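1. Sharing a model that was predicted from the sequence below.
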Amino acid sequence: MRGLGKFFQLSIILMGIAFVMAPSADAVPSRIKDIVAIEGIRENQLIGYGLVVGLDGTGDTFLNVPYTQQSLTAMLERLGVNSKETIMRPENIAAVMVTANLPSFSRQGTRIDVSVSSLGDAESLLGGTLIATPLLGADGEVYAVAQGAVAVAGFSAQGEAATVTQGVPTNGRIANGGIVERELPFELSDMDAVKLSLHNPDLTTARRITAAINTNLQVAMARTLDPSTIQIERPIGFRLPMVDILTEIEQLSVTPDQRARVIIDERTGIIVIGAEVRINSVAIAQGNLTISISEEPQVSQPGAFAQGGQTQVVNRTGIEIDDGSDKRLTVLEPAVTLQDLVDGLNALGIGPRDMISILQAVKASGAMQAEIQVM
C-alpha cells in the first residue's frame, strides 16, 4: 500500500556493459618510515580507576552506585579521616575510568594526556577535578599517575519538560594530566638487530624495501623474512649504531605494491576499487521492467434536480508499464581506464547498490582479476 491508492511494482534488472581495463599508472613512492613499524617501538595502554570531585550536583547517586561510596570511604581513610559510620549522600563525586597511552621512550617526569570516562550514573563531569589516580600497565605495574581538572566538550541542560544534550558530557580529557613514574626498559642504541613490520604485508614491497636499504648502505644487512617482516642486522665492526642506521633508511623512498582488491560496504553502499584491478572483456545490459498499478476511486453523484439516483463510488484503475525500451547495450572501446569504467556505469544511471551487484556478478563470471572484500 502506498499513498491513497494501491501500488504494485515489479522490477527486473538486467545489467551489462562491455569494457577492458588498461594498466594503471605507477604508484606513488612512499618513505619507508610511513609504511613500516619498528618492532618494539610502540605505545603501551594504561588504565586506572579514580574519583572526580567538585561536580555541580551531577555526580553518582550512592544508592545506585555503591562502589563510589566505598571508594570515597577508602580514600578518606588513607588521608586519616574515619567515615565508616557516616551516612554520605553527596552528589558531587563520580567514579571514573582513566585511560592513557604511554609513548615509547617516555622518561620519568614526562607528561601525557589522559581520558576520563564516567563509570556510574553521573550526568556530567563538567567542572570536576580528577584526584591522584595510579595508571597501570598490562603487567599490573604503575607507570603513571593522573590528576587535574577535567575538560568536557559536551553539556546537558534539563528543564521541566525538555532536555538538551550536546556531545557526551560524561567523557572528558586532561591535557598533560599524567606524569610518567616508571620507564620501559628498552635501549635501541644497544641493539645489533631489529625487525621492520609492514603495515600492509606484501612480499614485493618487502623485497623492494630490502633492496633499497642494502643499496643505500652498500652493505647486505637487510633480509626479507616473510611478507610482513624485514630483519636488519648490524655487521660486526660497522661504524654506524642502530639509531643512525634507522635514521638513514627511514627517509628512503619505496614504491609499495598492493593486491588488486575491490572493497564493498553493503551497509552504506561505499565501493573502493584499487588501481590494480583488471577486468577482461565482458558485456552487461542494464534495464528495468516496472509495472505500476494505482487505484483512484471517484465519487459519482446524481444531478441537483434529478428525481432519483444514488451516490456511487466508481473505480478508476491506472496501469503504467516501463519496459526500459529506451535502454541500450553500451559498448566501450577496448583499453579503457578504471575511471572510464566508473564513468560508464554512472552514465547508465547505475547507483551504488546496483553497482555492487554488477561487480559481484563480474567477479562470479571470472572476468575480474581482483579480490572482493565485503565489509
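-> Great, that's in hand. All values derive from a computational prediction rather than experimental measurement.
2. just for the chain, where's the confidence low?
-> Along the chain, segments meeting pLDDT under 70 span 1-27, 85-87, 155-162, 280-297, 299, 302-309, 313-345, 347-349.
3. the helices in it, which residues?
-> 32-35, 66-78, 203-217, 242-249, 338-347, 352-364 (DSSP state H).
4. Residue 139 is nearest to which of those helices?
-> Shortest distance between residue 139 and the helices of the chain, using Cβ to Cβ, is found for helix 66-78: 23.5 Å. To be clear about C-beta, it is placed using only N, CA and C from the backbone, and glycine gets the same treatment.
5. now that closest one, how far from the centre of its chain.
-> 38 Å (Cα atoms, centre = their mean, to the nearest Å).
6. 6 is where my numbering starts, stick with that
-> New numbering, starting at 6: the last item is helix 71-83.
7. buried ones in that helix?
-> Neighbour counts over helix 71-83 (16 or more other Cβ atoms under 10 Å) mark 73, 74, 76, 77, 80 as buried.
8. One more: stretch 218-227?
-> Neighbour-count burial for stretch 218-227 [16+ other Cβ under 10 Å]: 218, 219, 222, 226, 227.
9. quick one on the thing from earlier: pipe the buried residues of helix 71-83 into TSV and attach distance to residue 117 per row.
-> Compiled in TSV, these are given as follows (distance: Cβ to Cβ, whole Å):
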residue	distance to residue 117
73	26
74	30
76	23
77	26
80	23
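10. any chance of the helices of the chain in JSON lines, plus distance to residue 153?
-> Converted to JSON lines, those look like this (distance: least, Cβ to Cβ, whole Å):
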{"stretch": "helix 37-40", "distance to residue 153": "33"}
{"stretch": "helix 71-83", "distance to residue 153": "17"}
{"stretch": "helix 208-222", "distance to residue 153": "43"}
{"stretch": "helix 247-254", "distance to residue 153": "34"}
{"stretch": "helix 343-352", "distance to residue 153": "51"}
{"stretch": "helix 357-369", "distance to residue 153": "47"}
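11. So which of those helices is nearest residue 269?
-> In terms of Cβ to Cβ, the element of these nearest to residue 269 is helix 357-369, at 5.4 Å.
12. just checking, what packs against that closest one?
-> Applying 3 or more Cβ pairs under 8 Å, 6 or more residues apart in numbering; DSSP states H and E, we find helix 357-369 packed against strand 266-270, strand 275-278, strand 376-379.
13. Now render those as a markdown table, adding distance to residue 359 and mean neighbour count.
-> Converted to a markdown table, the helices and strands packed on helix 357-369 look like this (distance: least, Cβ to Cβ, whole Å; neighbours: other Cβ atoms under 10 Å):
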| stretch | distance to residue 359 | mean neighbour count |
| --- | --- | --- |
| strand 266-270 | 12 | 16 |
| strand 275-278 | 11 | 15 |
| strand 376-379 | 16 | 13 |
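14. would you turn those into CSV with distance to residue 133?
-> What follows is the helices and strands packed on helix 357-369, written out as CSV (distance: least, Cβ to Cβ, whole Å):
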stretch, distance to residue 133
strand 266-270, 39
strand 275-278, 40
strand 376-379, 44
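15. What are the boundaries of the strands in the stretch 156-305 of the chain?
-> Assigned by DSSP state E, counting those that start in this stretch, the strands in the stretch 156-305 of the chain fall at 160-163, 168-171, 176-185, 198-203, 227-231, 234-238, 258-259, 266-270, 275-278, 283-284, 292-293, 295-300, 303-305.
16. Please name the residues that touch residue 201.
-> For residue 201, the contact set (Cβ atoms under 8 Å, 6 or more residues apart in numbering) comprises 37, 41, 42, 43, 44, 214, 234, 235, 236, 237.
17. Would you agree residue 226 is in contact with residue 219?
-> Yes - counting by Cβ atoms under 8 Å, residue 226 touches residue 219, with 6.9 Å between them.
18. all strands for the stretch 6-155 of the chain, in order.
-> Going by DSSP E, counting those that start in this stretch, the stretch 6-155 of the chain shows strands at 18-19, 35-36, 41-43, 49-58, 98-107, 116-123, 134-141, 147-154.
19. I'd like to know which elements the fifth one is packed against.
-> Yep, that's strand 98-107 we're talking about. Strand 98-107 packs on strand 49-58, helix 71-83, strand 116-123, strand 134-141, strand 147-154, going by 3+ Cβ pairs under 8 Å, 6+ apart.
20. Specify the stretch among these that is closest to residue 242.
-> strand 49-58 (34.7 Å).
21. can you tell me which of the helices and strands packed on strand 98-107 comes nearest to residue 106?
-> Nearest of these (Cβ to Cβ): strand 49-58, 6.0 Å.
22. Using PDB, write out every CA atom in the closest one.
-> C-alpha atoms of strand 49-58 as PDB (Å, rounded to 0.1, in the frame of the first residue of the first chain):
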ATOM      1  CA  ASN A  49      51.500   1.000  25.700                       C
ATOM      2  CA  GLN A  50      48.000   1.300  27.000                       C
ATOM      3  CA  LEU A  51      47.400   2.300  30.700                       C
ATOM      4  CA  ILE A  52      44.300   2.200  32.700                       C
ATOM      5  CA  GLY A  53      43.200   3.200  36.200                       C
ATOM      6  CA  TYR A  54      40.200   3.700  38.500                       C
ATOM      7  CA  GLY A  55      39.700   7.100  40.200                       C
ATOM      8  CA  LEU A  56      37.200   9.700  41.500                       C
ATOM      9  CA  VAL A  57      36.200  13.000  40.100                       C
ATOM     10  CA  VAL A  58      35.200  15.500  42.700                       C
END
